[in-house]
Every structure is written in structure tokens, then in C-alpha cells.
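Model the following, please.
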Amino acid sequence: MITNINIDTPAAAGALIRAQRMNQGLTQQTLADAAGVSRKFLIDLEGGHERAELGKTLEVLTALGLSLTTATPIPRGIDHDPQRRDYAATFTQLLAKNDFEFAIKMLADYASASLKAGRPLLQSSPQLNEPRWSAALAGITNYTANRLDQPAPAWTKHILPLDDAWLPAESYRSIREPMKQLTRSQTPRELAALNVFIRERSLATT
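Just a heads-up that it's a prediction; the model follows:
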């Protein structure tokens with residue numbers, strides 16, 4: 001009889017991934033390359049790092065021939081479908097709660113969902129009262145439009161560049177100067193043009 005074992009902690013997931021990798025005779029670099037993640041991410045994942053990104057974790061599991069299953073039905077509908085999410089309302093709510101960390105994750109979610117949908121999902125202005133976040137969304141909208149070889153929605157042309165360089169991650173944590181420089185060097189030109197700096201890889205679009 002097969003006994004189901006719950007994986008209910010990051011450490012348990014990391015231990016399973018490490019054991020499967022070693023059983024398959026894979027090095028960390030080989031598995032990282034197959035999954036399209038960095039070796040550092042895989043090291044953190046195998047070590048049970050609590051902040052490992054779920055999307056990348058699923059890529060690692062797929063590369064090992066593993067999958068996640070559940071006996072609970074997966075929720076459906078607009079609230080659970082990124083391509084149908086009301087991003088204007090989502091950002092309005094997150095900024096009102098000062099939930100900047102999750103708002104940054106939603107920037108990446110917006111970029112990925114737009115590319116999967118084949119069009120920028122914010123076709124009209126989100127009408128935020130936060131110039132920085134408006135600029136970030138406009139920059140990502142322009143970025144996805146260019147990636148899809150489409151004209152950017154008209155509202156983005158009315159968003160002016162910020163007076164000072166801004167890294168959204170600084171909304172909730174301090175960033176050392178070397179990382180700031182790296183972020184600036186790896187920011188898509190559409191965001192840099194608005195004085196917003198986010199590494200392209202952080203948009204989870206590659």
C-alpha cells in the first residue's frame with residue numbers, strides 16, 4: 001500500500017527535491033539549467049528557504065518529473081485567473097493597505113499574465129493616486145506591448161517620468177548600492193525611460 005506523505009514545510013520540499021536530484025545523478029547546475037533557474041535559487045530551494053518562488057519551484061519539480069497533486073478542487077473564476085484579474089482594483093487595494101511587498105509580486109504577475117494573454121491587460125489607466133506605481137505599471141505595459149510587437153495603450157503616453165530614480169523594492173526594504181547598480185543595468189528600457197528600475201528577470205517573463 002502506498003502511503004501519502006504531506007509536504008507541509010519548505011524544508012520537506014527541499015529535502016525531496018535534493019534527494020530526487022541525487023537519485024537521478026544530476027548536479028545542481030545541471031538541474032538548474034534544465035529548469036531554467038539559477039543555481040543559487042536551487043541551493044536555496046534545497047535548503048528549505050521559505051521565500052523560494054512558487055513558479056520557479058514548479059519548474060524544478062517538472063524538470064525532475066515530479067508534480068503536485070491535491071484532493072481539493074482548484075478554484076476557478078475571475079478571482080483566480082491572472083488573465084482576467086482586475087489589476088487596477090488590485091493595485092488600488094494593495095497600495096491602500098501599504099502592502100508593497102505583495103504589490104511588487106503583482107507587478108511580475110501583471111507582466112506574465114499580459115504576455116500569456118497576448119496583449120497588455122491594462123488597456124485603460126489604472127487611475128492610481130500613486131505616481132510611482134502608475135509609472136511602474138505604465139513601464140511594464142509598454143514593455144509587454146513591445147515584446148508582443150503591439151502599440152502601447154494610449155494611457156501610458158500620459159504618464160510622466162519620475163523626478164528621481166525609483167526601485168519599487170525600496171518600498172519595503174533597504175537595498176545596497178551594488179544591487180541598485182545591477183538592477184539599473186538589467187532594467188528594460190521601457191521602465192528606465194520612466195525612471196523606474198526593476199530587473200527584467202524579476203518580471204518573470206523569460
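
hey, let's count contacts and neighbours off CA atoms from now on
Fine.

Now the element after the helix or strand of the chain with the lowest mean pLDDT, going C-ward?
For the chain, the helix or strand with the lowest mean confidence is helix 54-63, at a mean of 83 (criterion: mean pLDDT, DSSP states H and E). Past helix 54-63, heading to the C-terminal end, the next element that is a helix or strand (DSSP states H and E) is helix 87-96.

And that next one, what does it pack against?
Helix 87-96 is packed against helix 100-117, with contacts defined by 3 or more CA pairs under 8 Å, 6 or more residues apart in numbering; DSSP states H and E.

and the helix it packs on, what other elements does it pack with?
Using 3+ CA pairs under 8 Å, 6+ apart as the contact criterion, the neighbours of helix 100-117 among helices and strands are helix 87-96, helix 131-147.

contacting residues around residue 48?
Contacts were defined as CA atoms under 8 Å, 6 or more residues apart in numbering; by that measure residue 48 touches 9-15.

Please check those residues and keep the buried ones.
Neighbour-count burial within these applies to 10-11, 13-15; the criterion is 16 or more other CA atoms under 10 Å.

any idea of the pLDDT on the spatially most central residue of the chain?
With the centre of the chain defined as its mean C-alpha position, the nearest residue by CA atoms, centre = their mean is residue 108, 3.6 Å away. Residue 108 is assigned a predicted lDDT (pLDDT) of 87.

In this structure it contacts residue 199, no?
No - counting by CA atoms under 8 Å, residue 199 is not a contact partner of residue 108; they are 10.4 Å apart.

I am finished for the moment; much appreciated.
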